[in-house]
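# Got a sequence here, can you model it:
(chains A and B)
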Amino acid sequence: MSEALNSPDEILPLTPAVFNILLALADGEKHGYAIMLEVEANTGGQVKMGPGTLYGSIKRMLAGGLVAESDERPDPELDDQRRRYYSLTGLGRRVLAAEAERLTSQLALAQAKGVLVRMV
Amino acid sequence: MNTQLIDSRAVNLSANLYRLLLETYPTHFRQEYGPHMLQVFRDCCRKAYRTGGLPGMLWLWALTFFDYLQSLIEEHTQRGVHMNKTKFIRLSGWAFIVGAFAWVLGWAVNDIQYNNPYNAFTFSLGKYVGYLYASVQILVPAAIILTIVGMLGLYLRHAEQAGRLGRSGLIIALAAGVTAVLSFSLEIFMQFEYAWIGVGITILLIFIGLTIFGIAVLRNRVLPRWKFTPILTGICGVLTISGLGPLFLLTSVGLFALGYQLQLDPSREPVEPV
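Next up, the predicted model:
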């Protein structure tokens, strides 16, 4: 993953793991296990990431500037202080939006070709 | 014994095994993310055990092992590994260790399937028992491949001191290992009727090769310690394949010990022959 991106389109298409992690972080910072659970729930159990894929992807996303480690921690009584939280960066949000737009255009194409009966 | 205690023991055992697997990742990645990966895996174990019991844990392990292999290759490849001899020998030690676990699981499942299919454990698995039996198709070839890597490490580390006999033993084991993988592929992918005979014979040859290497180790004083490990592991392996099933535990312990010794100090100078 490039460390200095001029345009979000440069790294598209995203892998399913990276796209789903970005999507899980779209509504706020989360720790690794929460990301994993959200990805599983968002995909109806179709995408199940193991710890290796999760943290391998996070490592590359940190290097690419798509996510950042969050300094803020929730109430220590509510969560384990040792957990590391991640949040979307501005670039990460733009890349996510660009990928979502790309997928939407693919979906529209599929619909135009009569592959889909109706838009989901 | 209460349920919570069993829960805790199953989770701790799984976490400890996963901690061992984490050791095979590149150092920097392991130091940065290892504790977090372990914590996430522990969370997954708790959830799997509470929602699916033992079958749930087995299923989690199947997914996690696949994830582990995939990400391990990715992390080592992306790091641009310069695989020098010492690094490879250390890695081959880990291959023996992970292979020992794969052998013991593969043999145990095989033993249950053919010798004791109707017991409390298989009944507790219910409809998931098919997954258990299918896991042999992954565990045995994985064990063979990991053992081949381990044998390569032994060859690189000790071939010179083991002499012609030792080298011959290791070459027999390596050739048999490669043939075993090919035979297994014929059996699984081509449904070749008699390929299982080839698998059995070649696995037997792996351990015969290791036994021959073990003899050379004793004759030439190749290993500084645990010098009986190769020969005992080889003999136990031969007896296991020949029908003495329970010895598979000793064989796996032997492979584990060989791996431990290889990865611990791959560059240690060997004891000079007398």
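# Mind naming the longest helix for chain B?
helix B:136-189 (DSSP state H).
# What's the first helix or strand after that one?
helix B:195-220 (DSSP states H and E).
# list the helices and strands whichever helix or strand comes after that next one packs on?
Downstream of helix B:195-220, the next assigned helix or strand under DSSP H and E is helix B:229-241. Under the contact criterion of 3 or more C-beta pairs under 8 Å, 6 or more residues apart in numbering or on different chains; DSSP states H and E, helix B:229-241 touches helix B:195-220, helix B:248-264. Glycine gets a C-beta too; all of them are placed from N, C-alpha and C.
# so how far is chain B from the residue nearest the centre of chain A?
Centroid-nearest residue in chain A, with C-alpha atoms, centre = their mean: A:Leu22, separated by 1.6 Å. A:Leu22 is 18 Å from chain B, where distance means C-beta to the nearest C-beta, to the nearest Å.
# Who are the contact partners of B:Phe88?
B:Leu152, B:Gly153, B:Leu156 (C-beta atoms under 8 Å, 6 or more residues apart in numbering or on different chains).
# could the residues you listed be laid out in TSV, adding distance to chain A, pLDDT and neighbour count?
Output for the contacts of B:Phe88, formatted as TSV (distance: C-beta to the nearest C-beta, whole Å; pLDDT from 0 to 100; neighbours: other C-beta atoms under 10 Å in any protein chain shown):
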residue	distance to chain A	pLDDT	neighbour count
B:Leu152	24	86	19
B:Gly153	23	87	25
B:Leu156	27	83	17
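# Count the neighbours of A:Arg94 for me.
Neighbours of A:Arg94 under the rule other C-beta atoms under 10 Å in any protein chain shown: 16.
# Report all helices and strands that the longest helix of chain B contacts.
Contact partners of helix B:136-189 among helices and strands, from 3+ C-beta pairs under 8 Å, 6+ apart: helix B:85-115, helix B:195-220, helix B:248-264.
# What helix or strand is residue 33 located in?
Here I'm looking at chain A. Counting by DSSP H and E, A:Tyr33 is part of helix A:32-42.
# if you could check chain B rather than the one you did, that'd help
helix B:27-78.
# Then A:Ala68?
Per DSSP H and E: strand A:67-69 holds A:Ala68.
# For B:Ile208, which non-adjacent residue is spatially closest?
B:Val238 (6.0 Å; C-beta to C-beta, 6 or more residues apart in numbering or on different chains).
# ok, now which ones touch that neighbour?
B:Leu204, B:Phe207, B:Ile208, B:Thr211.
# Quick check, the second one in contact with B:Gly234.
Looking back up the chat, that one is B:Phe207. Yes: using C-beta atoms under 8 Å, B:Phe207 is in contact with B:Gly234, at 5.0 Å.
# And the helices and strands packed on helix B:229-241: which comes nearest A:Glu101?
For A:Glu101, the closest of these is helix B:248-264, at 48.6 Å, according to C-beta to C-beta.
# Around chain B, which positions in chain A sit nearby?
A:32-33, A:36, A:48-56, A:58-59, A:80, A:82-84 (C-beta under 8 Å from any C-beta of the partner chain).
# how about a cut-off of 6 Å?
Counting by C-beta under 6 Å from any C-beta of the partner chain, chain A comes close to chain B at A:Gly32, A:Tyr33, A:Gly50, A:Pro51, A:Gly52, A:Thr53, A:Tyr55, A:Gly56, A:Arg84.
# From those residues, which land in strands?
Judged by DSSP state E, strands contain none of these.
# excluding its backbone neighbours, what's nearest A:Leu66?
Nearest one to A:Leu66, counting by C-beta to C-beta, 6+ apart, is A:Gly92 at 3.7 Å.
# Does anything pack onto the helix or strand containing that neighbour? Which helices or strands?
In this structure, A:Gly92 sits in helix A:90-112 according to DSSP H and E. If you count contacts as 3 or more C-beta pairs under 6 Å, 6 or more residues apart in numbering or on different chains; DSSP states H and E, helix A:90-112 packs onto helix A:16-25.
# Would you mind pulling up the elements that the helix it packs on packs against?
Counting by 3+ C-beta pairs under 6 Å, 6+ apart, helix A:16-25 packs on helix A:32-42, helix A:51-64, helix A:90-112.
# That helix versus helix A:51-64: what angle between them?
For helix A:16-25 against helix A:51-64, the angle by axes from the mean of the first three to the mean of the last three C-alpha atoms, to 10 degrees is 70 degrees.
# Next, the buried residues of helix A:16-25.
A:Ala17, A:Val18, A:Phe19, A:Asn20, A:Ile21, A:Leu22, A:Leu23, A:Ala24, A:Leu25 (16 or more other C-beta atoms under 10 Å in any protein chain shown).
# Give me the residues contacting stretch B:89-96.
When contacts are defined by C-beta atoms under 6 Å, 6 or more residues apart in numbering or on different chains, stretch B:89-96 is touched by residues B:24, B:146, B:149-150, B:152-153, B:156-157, B:255, B:258-259, B:262-263, B:266.
# Emit the PyMOL select command for whichever of those are buried.
In PyMOL, this line selects whichever of the contacts of stretch B:89-96 come out buried by 16+ other C-beta under 10 Å:
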select buried, chain B and resi 24+146+149+150+152+153+156+157+255+258+259+262+263+266
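# export the contacts of stretch B:89-96 to JSON lines and tack on distance to B:Asn16?
Shown next, in JSON lines, are the contacts of stretch B:89-96 (distance: C-beta to C-beta, whole Å):
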{"residue": "B:Thr24", "distance to B:Asn16": "15"}
{"residue": "B:Leu146", "distance to B:Asn16": "19"}
{"residue": "B:Val149", "distance to B:Asn16": "23"}
{"residue": "B:Gly150", "distance to B:Asn16": "21"}
{"residue": "B:Leu152", "distance to B:Asn16": "28"}
{"residue": "B:Gly153", "distance to B:Asn16": "24"}
{"residue": "B:Leu156", "distance to B:Asn16": "30"}
{"residue": "B:Arg157", "distance to B:Asn16": "27"}
{"residue": "B:Leu255", "distance to B:Asn16": "19"}
{"residue": "B:Leu258", "distance to B:Asn16": "21"}
{"residue": "B:Gly259", "distance to B:Asn16": "17"}
{"residue": "B:Leu262", "distance to B:Asn16": "21"}
{"residue": "B:Gln263", "distance to B:Asn16": "17"}
{"residue": "B:Pro266", "distance to B:Asn16": "24"}
